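Enquirer: below: sequence and its predicted model.
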Amino acid sequence: QLNLVESGGGVVQTGGSLRLSCAASGDTISQYAMAWFRQAPGEEDEYICGVSKSGDSTYYPRGMRERFTISRDNVKNEVYLEMKNLKPEDTATYFCAAGRTIGVASNRPTFKGQGTQVTVSS
């Protein structure tokens with residue numbers, strides 16, 4: 001069982017930056033591809049990015065690469081999401097996820113955290 005706990009959310013002004021962290025316990029993340037999602041109120045989950053088990057490969061859907069960067073530290077058992085030039089429409093709960101493959105992590109993750117709230121004020 002992989003437990004994921006996100007942190008680093010908060011309130012930021014438009015144009016600001018945040019760095020989210022996802023700390024894992026119960027297992028080592030080196031066995032998992034990892035991903036970040038977000039969910040705005042009343043909306044479905046939105047996939048932001050993913051990273052391979054080794055961290056050598058990263059994946060972004062169209063439009064996400066410009067402002068979001070995923071990274072991981074398998075020694076610390078943590079995953080990170082750097083966000084820049086934030087906009088009010090980025091307001092959402094952000095959560096990390098894991099799966100045995102990048103396909104699983106990015107589409108139907110096996111494990112998900114509870115999330116951390118990011119609010120971008122205009």
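Expert: Ah, there it is. Given the structure is predicted, the values throughout are model-derived calculations rather than measurements. Residues are numbered from 1 along each chain as shown.
Enquirer: and the worst-scoring helix or strand of the chain on mean pLDDT, how far from the chain's centre?
Expert: The helix or strand of the chain with the poorest confidence is helix 102-107; it has a mean of 92 (mean pLDDT, DSSP states H and E). Relative to its parent chain, helix 102-107 has a centroid offset of 13 Å by CA atoms, centre = their mean, to the nearest Å.
Enquirer: ok, and for it, which residues are buried?
Expert: By neighbour count on 16 or more other CB atoms under 10 Å, the buried set for helix 102-107 is 102, 104-106. Glycine gets a C-beta too; all of them are placed from N, C-alpha and C.
Enquirer: go on, stretch 45-59?
Expert: 47-53, 55, 58-59.
Enquirer: next, name the residue at the spatial heart of the protein.
Expert: With distances taken as CA atoms, centre = their mean, Trp36 lies nearest the centre of the chain, 2.4 Å away.
Enquirer: that one and Gly115, how far apart?
Expert: Noted for Trp36: a distance of 10 Å to Gly115, by CB to CB, to the nearest Å.
Enquirer: over to Gly55?
Expert: Distance of Gly55 to Gly115, given as CB to CB: 22 Å.
Enquirer: likewise Gln31?
Expert: To Gly115, Gln31 is 22 Å away according to CB to CB.
Enquirer: still on that earlier bit, adjacent strands (with direction) for the helix or strand harbouring the residue nearest to the centre of the chain?
Expert: Element membership for Trp36 (DSSP states H and E) is strand 33-39. Strand 33-39 has the following strand partners under DSSP bridges: strand 46-51 (antiparallel), strand 92-99 (antiparallel).
Enquirer: just the CA atoms of the last one, as CSV, please.
Expert: Spelled out, it's strand 92-99. The C-alpha trace of strand 92-99 is given here as CSV (Å, rounded to 0.1, in the frame of the first residue of the first chain):
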residue,chain,number,x,y,z
ALA,A,92,-8.2,23.5,-7.7
THR,A,93,-7.3,20.7,-5.4
TYR,A,94,-4.1,19.2,-6.6
PHE,A,95,-3.2,15.6,-5.9
CYS,A,96,-0.5,13.2,-6.8
ALA,A,97,-1.1,9.6,-8.0
ALA,A,98,0.9,6.5,-8.7
GLY,A,99,0.7,3.5,-10.9
